[in-house]
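> pasted the sequence and its predicted model underneath.
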There are 2 protein chains.
Amino acid sequence: MPLPTLSLDPAVELPLYRQLGDALAGAIADGVLDEGERLPSERDLAVSLGVSRTTVVTAYRELESRGLVRGHVGRGTFVCAADEPTDAPFAWRGRVALSAQRGVDPVLRGVLRAAAGPGTISFGPGTPAPELFPVDLFRRITDEVLRRNASAAFGIGPTEGQPGLRRAVAARLGSRPEQVLVVAGAQQGLDLIARCLLDPGDTVLMDRPGYLGAIQTFRSAGANVVGWDVERADPDELEDLILRYRPKLFYLTPTFQNPTGRTLSLEVRHELLRVAARYRLPIVEDDPYGQLWFDRPPPPSLISLDERGLVIYLGTASKTLGAGLRLGWLVAPPAIVEQLTLVKARGDLFTNGLTQLVLAEVLAGRAYDTHLESLRAEHAVRHTALIAALRRCLPAGSIGWRPVDGGLYIWCRLRGGTDAVGLLQQAQAAGVTFVPGEPFYGDGLGRHELRLCFSAATPASIDEGARRLATAFAVSQNGLAAGHHALV
Amino acid sequence: MPLPTLSLDPAVELPLYRQLGDALAGAIADGVLDEGERLPSERDLAVSLGVSRTTVVTAYRELESRGLVRGHVGRGTFVCAADEPTDAPFAWRGRVALSAQRGVDPVLRGVLRAAAGPGTISFGPGTPAPELFPVDLFRRITDEVLRRNASAAFGIGPTEGQPGLRRAVAARLGSRPEQVLVVAGAQQGLDLIARCLLDPGDTVLMDRPGYLGAIQTFRSAGANVVGWDVERADPDELEDLILRYRPKLFYLTPTFQNPTGRTLSLEVRHELLRVAARYRLPIVEDDPYGQLWFDRPPPPSLISLDERGLVIYLGTASKTLGAGLRLGWLVAPPAIVEQLTLVKARGDLFTNGLTQLVLAEVLAGRAYDTHLESLRAEHAVRHTALIAALRRCLPAGSIGWRPVDGGLYIWCRLRGGTDAVGLLQQAQAAGVTFVPGEPFYGDGLGRHELRLCFSAATPASIDEGARRLATAFAVSQNGLAAGHHALV
């Protein structure tokens, strides 16, 4: 492409990107650049003009929003026409805000989708044994609520949540109802925390590897995410990171951690709280799995050990009942609950009424305890079944893991250079799915790790899933061997 | 208080607020400032140091987050102690992000709360006739869904929404399912649009007076909100505003507008679309009330008239069924739906499953049309009843309004200097509530206007509500007369 002569002057008051945009628009109007012609790549033009790449990207985006050029992913940016008729389709792509372009990593949605294929056995998203969902209990209570209390179910409700649900949650956690904010899933709670406590450029500490949804939420808020090694679980490392990064928040899942299944000891919990208090560092305790032990309960939650009110606790119905309920709860000192409520009201005036009223009844009743006991027993069986099946089906030494005492996951390490994303492709072709390790690091590490959810599949399909995994493993090993061979 | 000698140097690399904070921290450590001592007010200190008030506010907030001072609303900021013990309650107030402090106007929540008092007659929040909610239909369909499809109701669902609901919405609107994004109420849709398309400092045009939730959402996103006069409804004014402000979005409710009840003519709709297309300005069409006409349907929606794909349409079940369902839909070209879906996934992986499945059945059936017909007839009756009651109960000439052809509201103007917020206080004391006009402007105008929702109360309680309003009016007029007297 013949580059038009472009002269940009930093001394002129007009920003460089506007100068560049106007120069290119002029070249298009003058016919120097023809319809359909490809503009230089952003990188090349930036180098040849001696400006930053952002200047070129911004200029191209503005031209696109004016309808003068059109970008095609992977192909480049093309001149539309000097006089695009106004009935041409509107170029939305040029309008997306800078802040929305941050961290639009579709990993989480991809994971949710991967489990959906018919016939696929899922070791993917974390789901409690679906067969144990107490359908009859929900049918009965739902009908009762609709009969007795339809106006509360369908009318306007408080942003903080239905009083009955706040009471039921507070009673189960030993807190007070005014400390409870009902949220549409713990993910909404995380998003509220990010919007309320983080400005772009702030640093967040979090357990590493850790919940990929949290990494994504903090990054979307423009925060810098720094990892605290969950395997070492060293309070001194926390102190070092605080001194080095002056973080705004420390996020972690202390119990049956996602993805490692690790549970912090009581001693480490006390130490973390002491360090956080010394540096006045707020803690976000994510606790989706605390009720899901096999044999004995884990140590007390951080919030129950905290005497200074610096813990925001997140709980959810997604991992003990079902994610489709979209109900979670955030428990914190009233001062910050009030702020979070105001932020919630901006995007979600209040939470689904019927589901809140039903869940309030469920949580207040004994049937929920019975349900938890069934889950614990069944999950323990599935955990054992998955480990046995992995031992039986996969080549010895090809994959390592550590059994867990609860939660929904085992965390595996592939030996011999097998790449988890490559294995996933083969696995999905063979009809089984899991979550590869990389998104739990978010910086390129974890390529040889993967997370298996043991609770979503029945013991019989766990066996079949492990066989399919073995098939996928064999295929990817052959590919690896072939690759090595080609390199030799 | 003896002000310590503070010297700030703009030439030093440390920001002024850090210099100020460090100087004050030093004064506290040295005992120049004693425990319990009150710091100068932010305003006074700013003036005496010749710095901006923001510098002082930021310095105080940082000192508060370090535990050195504590702010008490209305009383001032006090020195805590050089060595506050770490078991003191954590100072959350100092931690709220700058972005979260933008537009935390609790008006909307206040409005929702005001209607909740027992015995209060509500002309406040916009609610369809609650007695007409089809409870039996919902009980039947809910039970069917739970019996047949509990796994879809409680399992993980797609961020875009349940396929059945997307199909049902698309069929009713004449669009395609892939254009539909299910949202937890239109307010979530607005929030997603703001997060996806607005950067701080951008300008949004919107109809004025207009939906207070939209003003709040756009302001929270850091946008500058500029009004387009809905009473004049002049496309030339739109063009002038575009040229002057280069806005990123034009938001409006073209049909039975909130709060004025105004509906734009077909001609104006075409003109607005032409202007928007000429300047490539995206339009957000909020349409909660389009189905709620009395005698004849309003002109077609903007999205149905738009040939260029520049309209994002928002619909909701809140105004035809109930706000407690927390279900709405956003309809737009697939390119922007995809972007909005990614932003949605950050804070709300997907929307409540059961309610989506039930609503899909409801929208797909004939019973919904029958329900809409009952609402139209009943709302027309209530509209007439409210106008008759206002005529009968309130002094002639004290209040003006214009009848509407649909929607949920009449917009009233108080004559003779009566202040709507003052009247609301008297009204709530008398057991009736409404929404004062000011939040629909958001800049101090509208003090003598107010919005009455005619659909939420039964005709009998509408009469009683108007009598209570008259009582409140008489009290506030007496107050006004006394005030005038005192001034003379």
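Here it is on my side, so go on. What you see is a predicted model; the values in this text were computed from it and never measured.

> quick one, phi/psi of residue A:381?
Dihedral pair for residue A:381: phi -60, psi -40, per degrees, to the nearest 10.

> before we move on, what about residue A:186?
According to degrees, to the nearest 10, residue A:186 has phi -60, psi -30.

> what sits against it?
Residue A:186 makes contacts with A:286, A:288, A:314-316, A:318, A:328, A:330, as judged by CB atoms under 8 Å, 6 or more residues apart in numbering or on different chains. (Each C-beta comes from the backbone N, C-alpha and C, glycine too.)

> let's see 6 Å
Residues near residue A:186 by CB atoms under 6 Å, 6 or more residues apart in numbering or on different chains: A:314, A:316, A:328.

> repeat for residue A:382
Neighbour list for residue A:382: A:454-455 [criterion: CB under 6 Å, 6+ apart].

> repeat that with 8 Å
Listed by CB under 8 Å, 6+ apart, the contact set of residue A:382 reads A:129, A:454-455, A:457-459, A:462.

> in JSON lines: these, plus neighbour count and pLDDT.
Converted to JSON lines, the contacts of residue A:382 look like this (neighbours: other CB atoms under 10 Å in any protein chain shown; pLDDT from 0 to 100):
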{"residue": "A:129", "neighbour count": "19", "pLDDT": "96"}
{"residue": "A:454", "neighbour count": "28", "pLDDT": "98"}
{"residue": "A:455", "neighbour count": "25", "pLDDT": "98"}
{"residue": "A:457", "neighbour count": "25", "pLDDT": "96"}
{"residue": "A:458", "neighbour count": "17", "pLDDT": "96"}
{"residue": "A:459", "neighbour count": "15", "pLDDT": "95"}
{"residue": "A:462", "neighbour count": "27", "pLDDT": "97"}
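
> where do the strands of the stretch 101-250 of chain A begin and end?
Residue ranges of the strands in the stretch 101-250 of chain A, as given by DSSP state E, counting those that start in this stretch, are A:121-122, A:180-183, A:203-208, A:224-229, A:249-252.

> can you list contacts of the last one?
Put plainly, it is strand A:249-252. Applying CB under 8 Å, 6+ apart, the contact partners of strand A:249-252 are A:190, A:193, A:197-198, A:202, A:204-207, A:210, A:214, A:218, A:228, A:230, A:238, A:272, A:276, A:281-286.

> kindly report the same for the second one.
Identification of contacts with strand A:180-183 by CB under 8 Å, 6+ apart yields A:160-162, A:165-166, A:169-170, A:189, A:192, A:327-332, A:337, A:340-341, A:344, A:351, A:356.

> which ones among the residues you listed come in contact with chain B?
Among these, proximity to chain B is found for A:192, A:341, A:351 (CB under 8 Å from any CB of the partner chain).

> for residue A:153, state which of these is nearest.
If you rank those by distance to residue A:153 using CB to CB, residue A:351 comes first, at 11.9 Å.

> can you tell me how far the most centrally placed residue in chain A sits from residue A:318?
Chain A has residue A:213 as the residue nearest its centroid, 1.1 Å off, counting by CA atoms, centre = their mean. Taking CB to CB, to the nearest Å as the measure, residue A:213 falls 11 Å from residue A:318.

> and what of residue A:247?
Per CB to CB, residue A:247 is found 27 Å from residue A:318.

> domain map for chain A?
Using automatic domain parsing, the domains assigned to chain A come out as A:16-96, A:107-126+A:369-487, A:134-365.

> any idea which of those domains is most buried?
Stretch with highest mean neighbour count among the domains of chain A: domain A:134-365 (a mean of 21; mean count of other CB atoms under 10 Å in any protein chain shown).

> for the stretch 51-200 of chain A, which spans come out with low pLDDT?
Applying pLDDT under 70 to the stretch 51-200 of chain A flags residues A:72-75, A:81-88, A:102-116.

> where do the helices sit along it?
According to DSSP state H, counting those that start in this stretch, the stretch 51-200 of chain A carries its helices in the segments A:53-65, A:98-101, A:107-114, A:135-154, A:163-173, A:186-197.

> list the contacts of the fourth one.
By CB under 8 Å, 6+ apart, the surrounding residues in contact with helix A:135-154 are A:162, A:353-354, A:357-358, A:361-362, A:367, A:371, B:130, B:133, B:135, B:138-139, B:142-143, B:146-147, B:150, B:154, B:321-325.

> do the first one as well
The set of residues that contact helix A:53-65 without belonging to it, under CB under 8 Å, 6+ apart, is A:16-18, A:20-21, A:24-25, A:39, A:42-43, A:45-46, A:49, A:69-71, A:77, A:91, A:93-95, B:280.

> now, those that are in strands?
If you go by DSSP state E, the contacts of helix A:53-65 have A:69-71, A:77 in strands.

> and which of these is nearest to residue A:423?
Residue A:423 lies nearest to residue A:71 out of those, by CB to CB, at 33.9 Å.

> residue contacts, the residue nearest to that closest one when sequence neighbours are not counted?
Counting by CB to CB, 6 or more residues apart in numbering or on different chains, residue A:71 lies nearest to residue A:77, which is 4.6 Å off, once chain neighbours are set aside. By CB under 8 Å, 6+ apart, residue A:77 lies in contact with A:38-39, A:42, A:60, A:64, A:69-71.

> format the strands of the stretch 101-250 of chain A as CSV; extra columns: distance to residue A:410.
Below are those laid out as CSV (distance: least, CB to CB, whole Å):
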stretch, distance to residue A:410
strand A:121-122, 14
strand A:180-183, 28
strand A:203-208, 17
strand A:224-229, 19
strand A:249-252, 19
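
> among the ones you listed, which comes closest to residue B:256?
That would be strand A:180-183 among the strands of the stretch 101-250 of chain A, by CB to CB, at 31.5 Å.

> from the chain's centroid, how far away is that closest one?
How far strand A:180-183 lies from its chain's middle: 19 Å, per CA atoms, centre = their mean, to the nearest Å.

> that one pairs with which strands?
Sheet pairing for strand A:180-183, assigned by DSSP bridges, gives strand A:328-331 (antiparallel).

> following the strand it pairs with, which helix or strand shows up next?
Per DSSP states H and E, strand A:328-331 leads on to helix A:334-347 as the next helix or strand towards the C-terminus.

> now tabulate the helices of the stretch 51-200 of chain A in TSV and tack on distance to residue A:385.
TSV is the format used below for the helices of the stretch 51-200 of chain A (distance: least, CB to CB, whole Å):
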stretch	distance to residue A:385
helix A:53-65	51
helix A:98-101	43
helix A:107-114	22
helix A:135-154	24
helix A:163-173	30
helix A:186-197	28
